[in-house]
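Kindly return the folded structure for what I paste below:
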Amino acid sequence: MRMTILAVGDKLPGWADEATAEYLKRMPREARVDLVVVKPEKRGGQAALTLKQAEASRLLDKLPDGCRLVALDEHGRQVTTRELADLMARWMASGQDTCLVIGGADGLAPAILEKAESTLALSRLTLPHAFARVLLAEQLYRAVSLLNNHPYHRE
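Numbers count the residues shown, from 1 in each chain. Coordinates of the predicted model:
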């Protein structure tokens, strides 16, 4: 199984790119995660829905064939780290590739949300995209650490 983080946003601060890369580098071979970045739509006074639809088109173009789509959305289901680890275990056991999608500044278009097998929220707080990307990478690493009985996570 391959996992992909598909994220809108191509110009994050260096610290965010470094932190994301560090957590993804730590992932064990059986749970490798690729990061695919999609350029955001230029704002130019366009309506939010128009922006989201343009970004959705780019996201769908980059979506790996046959993957399980998990949308990250503020209205999604919040899970604990243990619950995320359980989800990852099921994803890995299924053998189906999994793609976690982070939308642009206005979120994800309805087309992406409707296509998603599930929708998760990282927090009810509004997070900058840099934090969301780092947080997702860290939580995936923490979840796989839990599955492997690695001492990184302490309960």
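
Could you use CA atoms for every contact and neighbour count after this?
Fine.

for the chain, which helix is longest?
In the chain, assigned by DSSP state H, the helix with the most residues is helix 129-147.

Can you work out which other helices and strands pack against the helix or strand of the chain with the lowest mean pLDDT?
Within the chain, no helix or strand scores below helix 48-62, which has a mean of 89 by mean pLDDT, DSSP states H and E. Secondary-structure packing of helix 48-62 (3 or more C-alpha pairs under 8 Å, 6 or more residues apart in numbering; DSSP states H and E): strand 3-8, strand 33-38, helix 110-115.

Compare those and give me the one nearest residue 148.
strand 33-38 (16.1 Å; C-alpha to C-alpha).

Which elements pack onto the closest one?
Packed next to strand 33-38, using 3+ C-alpha pairs under 8 Å, 6+ apart, are strand 3-8, helix 48-62.

what comes into contact with the shortest one?
Counting by C-alpha atoms under 8 Å, 6 or more residues apart in numbering, the neighbours of strand 3-8 from elsewhere in the structure are 31-40, 55, 59, 62-63, 97-104, 133.

Enumerate every residue touching the nearest residue to residue 26 once chain neighbours are set aside.
Excluding its sequence neighbours, the residue lying closest to residue 26 (C-alpha to C-alpha, 6 or more residues apart in numbering) is residue 141, at 7.1 Å. For residue 141, the contact set (C-alpha under 8 Å, 6+ apart) comprises 23, 24, 26, 27.
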